[in-house]
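K.L.:
just to be clear, the model below is a prediction. Sequence and coordinates:
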Amino acid sequence: MQFNGQGALASQHLQKLIDQQVIRLDNPPQPDQIQPASIDLRLGTTAYRVRSSFLPGKDRTVKQCLQDMAMHKVDISQGAVLEKSCVYIVPLQESLALPDTLVAAGNPKSSTGRIDVFTRLITDYGVEFEQVPAGYTGPLYAEIAPLTFSVLVRAGSRLSQLRIRAGKAVIDNESHYDLQLKERLVDANLSMQDVRNGVPVSVDLAGEGEGGLVGFRAKRHSGVVDVDKPNVHPYLEFWEPLHTSAGQLILDPGEFYILVSKEAVHVPFDYAAEMVPYDTLVGEFRVHYAGFFDPGFGAAAAGGKGARAVLEVRSFDVPFLLEDGQNVGRLVYESMLETPDRIYGHGVPSNYQAQGLKLSKHFTMTE
C-alpha cells in the first residue's frame, strides 16, 4: 500500500492495512481495537517466563532465543498471574507484513503504564525494543515485566499498542512553536527558546483541594491487579495518597508514583504526541512509561478541555527532590497523514479524557 505524504497513519489507514493483510490477526479484531492513531495488540495464549530481558539481535528469531532463555511456560488462555519482578515473553495475536515504505513502533497503553507494568515490543532479528523496521514480515512479541503489582492477564488482554508511520512524522522545533501559538498545546506561555525537541511539561505539586493531594505512591505489598477489570480494585489497598503543603516531594529510589502535570495538554485532531524525558541532567528519574497521546486528547471539541497529563514517575539511584512547577518531560508532536475517522473522546470511548490527577481505570476511588 502506498500513501501520499508523510505522517502517522490514522485509524482508517490501519483498517485498510488489516483488510490487505499488512496487519495480520490470528483472531477477528475487537470493535474498539483500532484507536485514532494506533491498534491495540492482544496477548496470545502462552507466556514464557525468561531469565532476563533480551534482544534477539540481527541473526536470531525470538523463538530461537526462547529455547535458551525460557524457564517455563504459563498457559494464559483462561487467565494466569504474571508475578512482579519477573520477566515474561508473550507471542501476540497480531503480526506484520510491512512494505518498505512503512515503519512501526510499539508503546504501552496508558492503563498499563499506570500500574507500573513495563511492556516492550520485540520482533525477530530485532536490535531495538519497540521499533519495527520497514519491510518487516513476521510475528510480534511482548516483553512484560510487572514492577510493582502482580497482574492477572489472559489471552486477548491488551497491554500495548502499535503505531505505523510513513516517512518522517515528528515536526521540528519551529513547527512546535507555531502550533503552540496557534493551538495552545500546553496551557503555558512559552518562548521559542522553551520549545526544544518538544514543548515542556512540568509537575503540579501545589495539590488539589484543602488536603493538598498531589499524587499517589504504590504500596509494596498488595494484591493482584486484573488488567481486564475496570473499577473493581479499592485504591487504598494498592496506593498511598500523598499530601503536601510545601510544593515539594522527595522521590525515594525504587518507589513508583502517580503525579500530574501542571499544564493542561491539547493534541489537535491532525496530530499525535508522545511524552519523552525532559533531560537526564535535571535529575535521575523517569517520567511517563506510556507516553502516547492520541489525536483529540484534551481537545475542547472532544470533551477534553483542561485535560492534564498523568505522570508515572520512578526515581533511580538516589532520593530526588521534585518541586512544584519543575519541568519533568517534553511533549513531542507528530503529524497525522490524515485526520482520523475516530477521535479520542469523541466517538472513541475514553477513560482519561478531561482528566486531572487520576489512577488507572482498574481502581475504584471509593474507600
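P.N.:
Everything's here; your move.
K.L.:
drop to CA atoms for contacts and neighbour counts, all remaining ones
P.N.:
Fine.
K.L.:
give me the low-pLDDT residue ranges for this protein?
P.N.:
1, 208-211, 278-290, 301-304, 345-355, 366-367 (pLDDT under 70).
K.L.:
secondary structure element for the residue lying closest to Arg330 once chain neighbours are set aside?
P.N.:
Nearest non-adjacent residue to Arg330, counting by CA to CA, 6 or more residues apart in numbering: Pro200, 4.4 Å away. In this assignment (DSSP states H and E), Pro200 forms part of strand 199-202.
K.L.:
run through who's touching the helix or strand that that strand is followed by.
P.N.:
The helix or strand immediately downstream of strand 199-202 is strand 213-218, counting by DSSP H and E. Contacts with strand 213-218, where a contact means CA atoms under 8 Å, 6 or more residues apart in numbering, come from 148, 204-208, 238-244, 255-260, 357.
K.L.:
mark which of these are buried, thanks.
P.N.:
Buried members of the contacts of strand 213-218, counted by 16 or more other CA atoms under 10 Å: 148, 204-207, 238-239, 242-244, 255-260, 357.
K.L.:
so which of the contacts of strand 213-218 sit within strands?
P.N.:
The strands, defined by DSSP state E, take in Trp239, Glu240, Pro241, Leu242, His243, Phe256, Tyr257, Ile258, Leu259, Val260 from those.
K.L.:
okay, those in JSON lines with distance to Phe297 next?
P.N.:
JSON lines is the format used below for these (distance: CA to CA, whole Å):
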{"residue": "Trp239", "distance to Phe297": "26"}
{"residue": "Glu240", "distance to Phe297": "28"}
{"residue": "Pro241", "distance to Phe297": "26"}
{"residue": "Leu242", "distance to Phe297": "26"}
{"residue": "His243", "distance to Phe297": "28"}
{"residue": "Phe256", "distance to Phe297": "25"}
{"residue": "Tyr257", "distance to Phe297": "22"}
{"residue": "Ile258", "distance to Phe297": "19"}
{"residue": "Leu259", "distance to Phe297": "18"}
{"residue": "Val260", "distance to Phe297": "15"}
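K.L.:
name the nearest of those residues relative to Ile23.
P.N.:
Ile258 (33.9 Å; CA to CA).
K.L.:
buried set for the helix or strand hosting Met71?
P.N.:
Per DSSP H and E, Met71 falls inside strand 70-75. Using 16+ other CA under 10 Å as the test for burial, strand 70-75 gives Ala70, Val74.
K.L.:
repeat that for stretch 265-278.
P.N.:
So for stretch 265-278, counting by 16+ other CA under 10 Å, buried means 265-278.
K.L.:
before we move on, what about stretch 321-330?
P.N.:
Here stretch 321-330 shows Leu322, Glu323, Asp324, Gly325, Gln326, Asn327, Val328, Gly329, Arg330 as buried, counting by 16+ other CA under 10 Å.
K.L.:
narrow these to those in strands?
P.N.:
Leu322, Glu323, Asn327, Val328, Gly329, Arg330.
K.L.:
bridging residues for the fifth one?
P.N.:
Right, Gly329. Beta bridges link Gly329 to Val201, Pro277 when assigned by DSSP bridges.
K.L.:
isn't it right up against Val276?
P.N.:
Yes - judged on CA atoms under 8 Å, Gly329 makes contact with Val276 at a distance of 5.7 Å.
K.L.:
tell me which element Gln12 is part of?
P.N.:
Counting by DSSP H and E, Gln12 is found in helix 11-19.
K.L.:
name the next helix or strand downstream of that helix, please.
P.N.:
Criterion used, DSSP H and E; the element after helix 11-19 is strand 23-25.
K.L.:
now for that following strand, which elements pack on it?
P.N.:
helix 11-19, strand 87-97 (3 or more CA pairs under 8 Å, 6 or more residues apart in numbering; DSSP states H and E).
K.L.:
ok so, going back, would you list the buried residues of stretch 265-278 in TSV and tack on distance to Ile39 and secondary structure?
P.N.:
What follows is the buried residues of stretch 265-278, written out as TSV (distance: CA to CA, whole Å; DSSP: H, G, I helix; E, B strand; the rest coil):
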residue	distance to Ile39	secondary structure
Val265	22	strand
His266	21	coil
Val267	18	coil
Pro268	19	coil
Phe269	17	coil
Asp270	17	coil
Tyr271	16	strand
Ala272	14	strand
Ala273	16	strand
Glu274	16	strand
Met275	19	strand
Val276	21	strand
Pro277	24	strand
Tyr278	27	coil
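K.L.:
do you know how far Glu83 is from Leu66?
P.N.:
Going from Glu83 to Leu66 by CA to CA, to the nearest Å gives 19 Å.
K.L.:
picking up where we left off before, what sits up against the helix holding Gln12?
P.N.:
1, 23-25, 34-39, 340-342.
K.L.:
what about 7 Å?
P.N.:
The contact list for helix 11-19 (CA atoms under 7 Å, 6 or more residues apart in numbering) reads Ile23, Arg24, Ile34, Gln35, Pro36, Ala37, Ser38, Pro340, Asp341, Arg342.
K.L.:
would you say His176 is within a helix?
P.N.:
Yes - under DSSP: H, G, I helix; E, B strand; the rest coil, His176 sits within a helix.
K.L.:
could you check how many residues crowd around it?
P.N.:
When neighbours are defined as other CA atoms under 10 Å, His176 has 23 of them.
K.L.:
who touches it in this structure?
P.N.:
Per CA under 7 Å, 6+ apart, neighbours of His176: Val195, Gly198.
K.L.:
one more: His362?
P.N.:
Lys229, Pro230, Asn231, Val232, His233.
K.L.:
and the buried ones among those, selectable in ChimeraX?
P.N.:
Here is the ChimeraX selection string for the buried members of the contacts of His362, based on 16+ other CA under 10 Å:
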select :233
